[in-house]
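> from the sequence below, what's the structure:
(one chain, ligands or ions: 1)
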Amino acid sequence: MFKKVLIANRGEIALRIIRTCREMGIQTVAVYSTADKDALHVRFADEAVCIGPPSSALSYLNVPALMAVVEITNADAVHPGYGFLAENADFAQICAEYNVKFIGPTPSMIQKMGDKVTAKETMIKAGVPVVPGSQGLVKSISDGQIAAKEIGYPVIIKATAGGGGKGMRIVEKSEDFETQWNMARNEAKASFGNDGVYIEKFIEDPRHIEIQIIGDQHGNIVHLSERDCSIQRRHQKLVEEAPSPFMTKALRKEMGEAAIKAGQSINYEGVGTVEFLVDKHRNFYFMEMNTRIQVEHPVTEEVINRDLIKEQLKVAAGEKLSGKNYLPKGHCIECRINAEDPYNDFRPSPGLIKNFHSPKGHGVRVDTHAYAGYVVPPYYDSMIAKLICKAETREECIKKMDRALNEFIIEGVKTTIPFHMQLMKDERFLRGSVTTNFLSDFELK
Ligand code: MV4
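Just a heads-up that it's a prediction; the model follows:
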């Protein structure tokens, strides 16, 4: 096992990683920007080194500064968390060159899944269902129009360097193709410096259901069942749950096997998530693969009763997996508490948290770096806590979440708590009738 792990991240995920390392007897090194000098990850790690000014580019994304900290502290592994450098193949490569284990897959695995056209071609070869669409990249507008006609409108144009919705445009009819094509390419060029796009049939009102997988360095890959992440706003997840209210035993088996095939096709090592779109007939299609630990990993931890960071450290250190898949027991829901104003287009609301009291009690877990007196900096992600509730059934879990949300006191900044409180009483949510369009006709009272 590793002796000392450098955590190239901040916030709740840095704390989450420190906790497991401490339990496993692994030393930790925190890095921080000057904006985070009072942060809890700095206090709780065994060592902490300042790596730069507030801007992410100059601190948490500053690879030379991070590698200097690896050298001076003698860390033998780097945990990237999520966001920042977690899916940066160049960073993983530099870690390899420094002989420090990047806790995650190899640079080539990150690269293959980071390019969506390559990822999709890999899945087709592996026999994983994908959305019908163009054969690879579409070179010209006329090729695009021919492909769209063949596929049948509505279609969706996606950036190969994309993910998370950037450089993505829906085209309802052929007359709109040119405009949407130009919009998609320009946005892709501006966001990723790569204007390569491909085209797919547009799946109407799908669910976003993802399968957690883990692979070891000896060729074993298992799945840890699904999470339903259909409740999103502008491609930001707000609520995640496991199991999915739409799941059946048969579908779980099929999607689990498909996710394992996806992993096997690249000899995947580490924790990963295979995202699928699921239509109303329960047809499922590969969408993307995330090669990192995700924000919503606790939902899986709660229903399979395993510490995913521990599993991640174990496979990164070369340990073997037992080889069996995990099925969910009970129900878990996670609400993302962001310092945002849900009454004002979810506008970020950074600043001083004057009062903070987190809910407690049986089946309630709060993963957070916030406390009374903490200042939410304006420079980073606005998520300040994850409220995670676990119960035997979905119905009980929703009631527990409602109770816990009502106990949560956060004063000084606006939060998404009022949104979640209304959601827990929403008739469609209670029925489990959640698709990616759920929020388009949700009005906050
Ligand atoms: C789609 C789709 C419908 N049909 N692809 C959104 C982000 C990116 N990862 C892919 N996305 C979508 N791809 C086809 N062929 C609908 C979406 C989509 C979506 C997917 C998951 C969760 C929320 C979403 C919100 C809008 C659109």
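> going by C-alpha atoms from here, please, whenever you check contacts or count neighbours.
Will do.
> now stretch 302-309: buried residues?
Neighbour-count burial for stretch 302-309, counted by 16 or more other C-alpha atoms under 10 Å, picks out 302-304, 308-309.
> now, which of the residues you listed sits nearest S433?
The shortest gap between S433 and any of the buried residues of stretch 302-309 belongs to V303, at 20.9 Å (C-alpha to C-alpha).
> so what's that closest one up against?
For V303, the contacting residues are 242-243, 327-332, 390, by C-alpha atoms under 8 Å, 6 or more residues apart in numbering.
> would you list the buried entries among the residues you listed?
Neighbour-count burial (16+ other C-alpha under 10 Å) applied to the contacts of V303 gives 242-243, 327-332, 390.
> need the max-distance pair from these.
Maximum distance among the buried ones among the contacts of V303 (C-alpha to C-alpha): 15.3 Å, for L327 and K390.
> present the buried ones among the contacts of V303 as JSON lines; the columns should include secondary structure, distance to the ligand and pLDDT.
Output for the buried ones among the contacts of V303, formatted as JSON lines (DSSP: H, G, I helix; E, B strand; the rest coil; distance: C-alpha to the nearest ligand atom, whole Å; pLDDT from 0 to 100):
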{"residue": "A242", "secondary structure": "strand", "distance to the ligand": "16", "pLDDT": "98"}
{"residue": "P243", "secondary structure": "coil", "distance to the ligand": "17", "pLDDT": "98"}
{"residue": "L327", "secondary structure": "coil", "distance to the ligand": "23", "pLDDT": "97"}
{"residue": "P328", "secondary structure": "coil", "distance to the ligand": "22", "pLDDT": "98"}
{"residue": "K329", "secondary structure": "coil", "distance to the ligand": "25", "pLDDT": "98"}
{"residue": "G330", "secondary structure": "coil", "distance to the ligand": "24", "pLDDT": "98"}
{"residue": "H331", "secondary structure": "strand", "distance to the ligand": "21", "pLDDT": "99"}
{"residue": "C332", "secondary structure": "strand", "distance to the ligand": "19", "pLDDT": "99"}
{"residue": "K390", "secondary structure": "strand", "distance to the ligand": "23", "pLDDT": "99"}
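> which of the contacts of V303 lies closest to T416?
C332 (19.0 Å).
> wait, what's in contact with the residue in the stretch 1-150 of the chain that the ligand sits nearest to?
Ranking the residues of the stretch 1-150 of the chain by distance to the ligand (C-alpha to the nearest ligand atom) places V131 first, at 5.7 Å. Residues counted as contacts of V131 (C-alpha under 8 Å, 6+ apart) are 200-201, 285-287.
> name the member of the residues you listed with the most neighbours.
Most neighbours among the contacts of V131, by other C-alpha atoms under 10 Å: F286, with 24 neighbours.
> what pairs with it across the strands?
Counting by DSSP bridges, F286 is bridged to V130, F276.
> verify the stated contact: it with V278.
No. In this structure, F286 is not within contact of V278 by C-alpha atoms under 8 Å, at 9.1 Å.
> where does this protein have low pLDDT?
In the predicted model, the chain carries no residue with pLDDT under 70.
> got the residues of it near the ligand?
Within reach of the ligand by C-alpha under 6 Å from any ligand atom, the chain has these residues: 131, 156, 163-165, 200-203, 208, 230, 232, 235, 436.
> which of those has the most neighbours?
Most surrounded of the residues of the chain next to the ligand: other C-alpha under 10 Å gives S230, at 27 neighbours.
> go ahead and confirm it touches D205.
No. If you go by C-alpha under 8 Å, S230 and D205 don't touch, sitting 9.9 Å apart.
> what do those two both touch?
Contact criterion C-alpha under 8 Å, 6+ apart; residues shared by S230 and D205: 435-436.
> now the end-to-end length of stretch 18-35.
Length of stretch 18-35, first residue to last, C-alpha to C-alpha, to the nearest Å: 20 Å.
> what about the helices in this protein?
Remark: helices assigned in the chain by DSSP state H are 11-24, 40-44, 63-73, 89-97, 107-114, 116-126, 141-151, 177-192, 249-264, 297-304, 308-316, 394-407, 417-423, 427-431.
> what's the most buried one of those?
Highest mean neighbour count of the helices of the chain: helix 297-304, a mean of 23 (counted as mean count of other C-alpha atoms under 10 Å).
> please tell me how far that helix is from the chain's geometric centre.
Chain-centre distance of helix 297-304: 14 Å, with C-alpha atoms, centre = their mean, to the nearest Å.
> just stretch 385-402 next, same as before
With C-alpha atoms, centre = their mean as the basis, stretch 385-402 stands 20 Å off its chain's centre.
> span of that stretch from start to end?
Stretch 385-402: ends 16 Å apart by C-alpha to C-alpha.
> what does it rub up against?
Outside stretch 385-402, the residues that touch it by C-alpha under 8 Å, 6+ apart are 12, 298-299, 302-303, 329-338, 363-370, 421, 424, 430.
> same question for stretch 341-357.
Residues contacting stretch 341-357 (C-alpha under 8 Å, 6+ apart): 339-340, 370-378, 382, 407-416, 418-419, 444.
> PyMOL command to pick out the buried ones of those residues?
The PyMOL command for the buried members of the contacts of stretch 341-357 (criterion: 16+ other C-alpha under 10 Å) is given here:
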select buried, resi 339+340+370+371+374+375+376+382+410+412+413+414+415+416+418+419
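> mind giving me the domain ranges of the chain?
Domain segmentation of the chain under automatic domain parsing yields 4-103, 132-201, 207-441.
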